[in-house]
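# Model the following, please.
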Amino acid sequence: MNGNKTKKLGSDFEKKYWILRYSIFVGEIAEVPVYINFSFAFVFILITLSLSITILPNFNPDLVQSNYVIAGVVCACISLFSILFHEVAHLIIAKKYGIKFQKIILFAFGGIALQPIELIDPKKDIYMAFAGLLISFIISCLSFLIWFKLHQSNILIIQGYPISSIVFYSAMINLVIGLFNLLPVFPSDGGRILRSFLSYHTHDQFKATINAIKIGWILSFSILIIGATVGLKLSPIGGVWLMLEALFLMRESKSYYNLYQTMRPSN
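Residues are numbered from 1 along each chain as shown. Presented below is the predicted three-dimensional model:
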């Protein structure tokens with residue numbers, strides 16, 4: 001296995017990376033700039049409307065409509081910060097290994113932390129990938145515990161706001177973020193973990209990356225078919241959401257595949 005601990009990514013990758021377009025700077029965390037892509041505005045509105053118009057009124061009837069809207073906005077903000085916490089966990093471990101992220105970008109389907117170099121050490125790469133998953137599952141578990149305590153105490157609504165439902169949403173969205181990132185589709189956390197296992201056994205990170213990407217393509221295409229089936233037979237909205245996620249994963253994988261093809265080692 002290569003003795004180096006890191007590998008530089010292509011210098012033009014950041015310039016060509018599609019998700020960097022239409023992203024606005026919102027602040028810094030540990031000297032790393034944070035951006036929000038315009039696509040998250042769509043999800044923010046979708047979450048707010050779906051919760052305030054249908055979901056929250058069904059579970060908490062007879063509240064003031066404005067309170068449903070406020071609760072919906074709070075839940076949308078929870079989604080944003082949950083994604084951010086996930087990426088910050090990666091950032092903390094990356095700094096431990098001497099890697100400084102260039103940017104953190106939050107968008108419709110999650111977050112991405114751009115880094116100028118990649119870890120070659122499979123174990124360290126796994127640790128960094130697991131950091132985000134761990135924080136998402138920890139937040140989910142804590143939220144479930146709080147929600148359970150609220151139900152035991154019968155404290156479901158406080159001053160007209162469905163507090164219990166908001167806490168339950170926090171538990172579910174962090175669980176979903178964790179599970180979504182577990183998918184072995186490169187460059188998601190699960191894909192990086194898969195790449196690390198392949199690299200550890202083959203001692204060739206380039207081939208391990210390409211193979212992880214190809215495996216991810218198969219899984220993404222399967223999700224696309226499942227989404228189409230769900231949309232036609234069960235839930236149009238759920239099906240469309242699954243198909244959009246699959247298309248996003250396929251596009252992400254393609255971006256990294258093109259990048260790694262330019263980095264193919266010479267024979």
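# Do a quick rundown of the strands in the stretch 101-250 of the chain.
Here the stretch 101-250 of the chain has its strands, by DSSP state E, counting those that start in this stretch, at 103-107, 110-114, 117-119.
# can you list those in a markdown table and add distance to residue 56 and mean pLDDT?
(Glycine included, C-beta is placed from N, CA and C.) Formatted as a markdown table, these follow (distance: least, CB to CB, whole Å; pLDDT from 0 to 100):
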| stretch | distance to residue 56 | mean pLDDT |
| --- | --- | --- |
| strand 103-107 | 24 | 89 |
| strand 110-114 | 24 | 84 |
| strand 117-119 | 42 | 74 |
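# Roughly how far does residue 159 sit from residue 59?
17 Å (CB to CB, to the nearest Å).
# The two: which has the busier surroundings?
residue 59 (13 against 6; other CB atoms under 10 Å).
# Next, the contact list for that one, please.
Contacts for residue 59 (CB atoms under 8 Å, 6 or more residues apart in numbering) come out as 162, 165.
# Report the separation between it and residue 142.
21 Å.
# Residue 159 too?
23 Å.
# Just the helices from the stretch 51-200 of the chain, written as ranges.
56-59, 65-96, 122-152, 163-182, 189-202 (DSSP state H, counting those that start in this stretch).
# How is the protein divided into domains?
Listed by automatic domain parsing, the domain ranges of the chain are 1-182, 183-267.
# So which residue is dead centre in this protein?
residue 110 (3.4 Å; CA atoms, centre = their mean).
# wait, isn't that one in contact with residue 180?
Yes. Contact status for residue 110 versus residue 180: in contact at 6.9 Å, counting by CB atoms under 8 Å.
# Which residues does the helix or strand that residue 42 is a member of contact?
Counting by DSSP states H and E, the element that carries residue 42 is helix 39-50. Helix 39-50 is contacted by residues 22, 69, 72, 73, 75, 76, 79, 80, 106, 107, 108, 109 when judged by CB under 8 Å, 6+ apart.
# how about 10 Å then?
Applying CB atoms under 10 Å, 6 or more residues apart in numbering, the contact partners of helix 39-50 are 19, 22-23, 36, 55-56, 68-80, 83, 105-111, 169, 173, 237, 241, 248.
# Report the contact partners of residue 106.
23, 26, 34-37, 39-40, 43, 79-81, 83-84, 86-87, 112.
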